[in-house]
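Colleague: kindly return the folded structure for what I paste below:
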Amino acid sequence: MRLFIAIEIPGEIKDYLFSIKNNFKNDIAKVNWVAKKNIHLTLKFLSDVDEKLIKEIINKLNEVKFNKFDLELDKLGFFPNEDYIKVMWAGVKDPVKVMELQQDIEENLSNYFKKENEFSAHITIGRVKFIKKKKEFLEISKKIKIEKMSFKVTNFKLIKSELSKDGPKYTLIEEFKS
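Modeller: Next up is the predicted model:
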């Protein structure tokens, strides 16, 4: 079973992030935009997990304690970098609390999964397949000023991801509250 741990993004922020794609015409780049309902902030991708381990994983995640905190959208960015764009994302301002939560999750699951060394708090909005007009693509990207929208993080979720030709289908396995 393919699993990941994530922070859910509120509906109005999903709407806003999804609307960013309207700035880009199809003749500039081929981008697989994340479906609005699937926009989230991944804390840890677990990959394929034996179903027998799910109960243990849930128990370990129940041990993660955190206080509610606010996250605010920041700038638009790219992975791995502007020269070779594969992923377009929205960052979060002052990600200290989200990084602490992610580290606690890493620690609690360290007996089951390899530790992620380079976590970056971001919300993927599109996966770039190829860019036809790079200069134009970058000019448009630089003009987009992400609105300073914020939201309260009160939980994180363990989510099952099933891949299909229509894109991934996400199913909630368990929710963990602050």
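
Colleague: pretty sure I7 contacts F151?
Modeller: No: checked against Cβ atoms under 8 Å, the pair I7 and F151 is beyond contact range at 9.1 Å. Any C-beta I mention is one placed from the backbone N, CA and C, and that applies to glycine too.

Colleague: shared neighbours of these two, anything?
Modeller: Shared contacts of I7 and F151, defined by Cβ atoms under 8 Å, 6 or more residues apart in numbering, are found at L71.

Colleague: which of these two has more neighbours?
Modeller: Using other Cβ atoms under 10 Å, the more surrounded residue of I7 and F151 is I7, with 21 against 16.

Colleague: tell me where this structure has strands.
Modeller: Using DSSP state E, the strands found in the chain span residues 2-8, 29-33, 40-48, 69-81, 84-93, 122-131, 150-153, 155-162, 169-177.

Colleague: for the first one, packing partners?
Modeller: Using 3 or more Cβ pairs under 8 Å, 6 or more residues apart in numbering; DSSP states H and E as the contact criterion, the elements in contact with strand 2-8 are strand 40-48, helix 54-62, strand 155-162.

Colleague: what about D27, neighbour count?
Modeller: 9.

Colleague: contact partners for F137?
Modeller: By Cβ under 8 Å, 6+ apart, the contact set of F137 is 24, 28-29, 85, 131.

Colleague: hmm, 7 Å instead?
Modeller: 28-29, 131 (Cβ atoms under 7 Å, 6 or more residues apart in numbering).

Colleague: which one of these has the most neighbours?
Modeller: In terms of neighbours by other Cβ under 10 Å, the contacts of F137 top out with A29 at 21 neighbours.

Colleague: in a markdown table: the strands of the chain, plus mean pLDDT.
Modeller: What follows is these, written out as a markdown table (pLDDT from 0 to 100):
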| stretch | mean pLDDT |
| --- | --- |
| strand 2-8 | 98 |
| strand 29-33 | 96 |
| strand 40-48 | 97 |
| strand 69-81 | 97 |
| strand 84-93 | 97 |
| strand 122-131 | 97 |
| strand 150-153 | 97 |
| strand 155-162 | 98 |
| strand 169-177 | 97 |
